[in-house]
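Student: What follows is a predicted protein model with its sequence.
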Amino acid sequence: MAKKEHKGRSGVVYSTSEEFNYSYEGETEPETLPADKQKLKVLLDSKGRAGKTVTVVSGFVGQTADLEDLGKKLKNKLGVGGSVKDGEVLIQGDFRARLVPLLNEMGYKVK
């Protein structure tokens, strides 16, 4: 029989102590690498988006808050909409030609 994990708990612990606090074994986010150590990929995608094209920036290693800051900066500089999902920055439209020099200017290595 397979182990069932409920809410990230690996086992059941019973305690009658009122001071007991269950600790969760969650995944920790990696430290954000400096911009010159990051290797980002910029590509165009339209799958699963009702035929609309988006420019995807992937390969960011770091905390979610830092990725959201990068996404916000890119959207502001380009003047377009987008979002940050699943560790990727999604920019609405085809902006590969403008994104690569912009990311290089910020200090990122881009493919």
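Tutor: Structure's in. What do you need? Quantities reported herein were computed from a predicted structural model and do not represent experimental measurements.
Student: Could you use CA atoms for every contact and neighbour count after this?
Tutor: Will do.
Student: residues contacting residue 44?
Tutor: By Cα atoms under 8 Å, 6 or more residues apart in numbering, the contact set of residue 44 is 53, 54, 55, 56, 94, 96.
Student: Mind listing what's buried along the strand or helix carrying it?
Tutor: Residue 44 belongs to strand 39-45 when elements are defined using DSSP states H and E. Residues of strand 39-45 classed as buried under the neighbour-count rule (16 or more other Cα atoms under 10 Å) are 40, 42, 44, 45.
Student: The last one contacts residue 55, doesn't it?
Tutor: When you say that, I think you mean residue 45. Yes. Applying Cα atoms under 8 Å as the test, residue 45 and residue 55 come out as touching, 6.3 Å apart.
Student: for the helix ranked longest in the chain, packing partners?
Tutor: Longest helix of the chain, by residue count under DSSP state H: helix 64-78. Using 3 or more Cα pairs under 8 Å, 6 or more residues apart in numbering; DSSP states H and E as the contact test, the elements touching helix 64-78 are strand 82-85, strand 88-92.
Student: who wins for proximity to residue 35 among these?
Tutor: Across the helices and strands packed on helix 64-78, the minimum distance to residue 35, taken as Cα to Cα, is reached by strand 88-92, at 15.4 Å.
Student: who touches the residue nearest the centre of the chain in this structure?
Tutor: The centre of the chain sits closest to residue 87, judged by Cα atoms, centre = their mean, with a distance of 2.0 Å. Remark: with contacts taken as Cα under 8 Å, 6+ apart, residue 87 is in contact with 58, 59, 60, 64, 67.
Student: Local confidence estimate at the fourth one?
Tutor: The predicted structure scores residue 64 at 92 on the pLDDT scale.
Student: again, but for the last one
Tutor: Turning to residue 67, the model gives it a pLDDT of 94.
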